[in-house]
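**Student:** Everything below, folded, please.
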Amino acid sequence: MTLRSPAPKDARTILVVDDDEEFRTRLVRALRDRGLDANGAADDDSAMACARQESPEVALVDLRLPG
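**Tutor:** The predicted structure is shown next:
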């Protein structure tokens, strides 16, 4: 599941990749609350698809992500 929300045009884009849905959702929400354009992905396939589509400036990736 990819989480998306509108953000200001000058916002930095961040992709959060974590299989822990609750953690990922909270982190994405916290980043958005701080004015960043944050999206979330649950696995490597959806993260790559999101990265190709959105071209984020930064990715926060779970180092123990399966796969």
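**Student:** So in this protein, which helix runs the longest?
**Tutor:** helix 21-33 (DSSP state H).
**Student:** the helices in the protein, which residues?
**Tutor:** Here the chain has its helices, by DSSP H, at 21-33, 44-54.
**Student:** Tell me which of those helices lies nearest to residue 15.
**Tutor:** When these are compared by C-beta to C-beta, helix 44-54 sits nearest residue 15, at 5.9 Å. (C-beta placed from N, C-alpha, C; glycine too.)
**Student:** what does that closest one contact?
**Tutor:** Under the criterion C-beta atoms under 8 Å, 6 or more residues apart in numbering, residues 1, 2, 13, 15, 17, 39, 41, 56, 59, 61, 65, 67 lie in contact with helix 44-54.
**Student:** rewinding a little: and the helices of the chain, which one's lowest on average pLDDT?
**Tutor:** When the helices of the chain are compared by mean pLDDT, helix 44-54 comes last with a mean of 94.
**Student:** buried residues in that one?
**Tutor:** 47, 50 (16 or more other C-beta atoms under 10 Å).
**Student:** I'd like the numbering to begin with 32 instead of 1 from here.
**Tutor:** Noted, 32 is the first residue going forward, which turns the last one into helix 75-85.
**Student:** How far off centre is it?
**Tutor:** 10 Å (C-alpha atoms, centre = their mean, to the nearest Å).
**Student:** so of the contacts of helix 75-85, which ones are in strands?
**Tutor:** 44, 46, 48, 70, 72, 90, 92 (DSSP state E).
**Student:** just to revisit the earlier point, ok, the contacts of helix 75-85 vs residue 56, which is closest?
**Tutor:** residue 32 (9.2 Å).
**Student:** Need the per-residue pLDDT for the closest one.
**Tutor:** Value for residue 32, per-residue pLDDT: 53.
**Student:** what's around residue 68, how many residues?
**Tutor:** Neighbours of residue 68 under the rule other C-beta atoms under 10 Å: 21.
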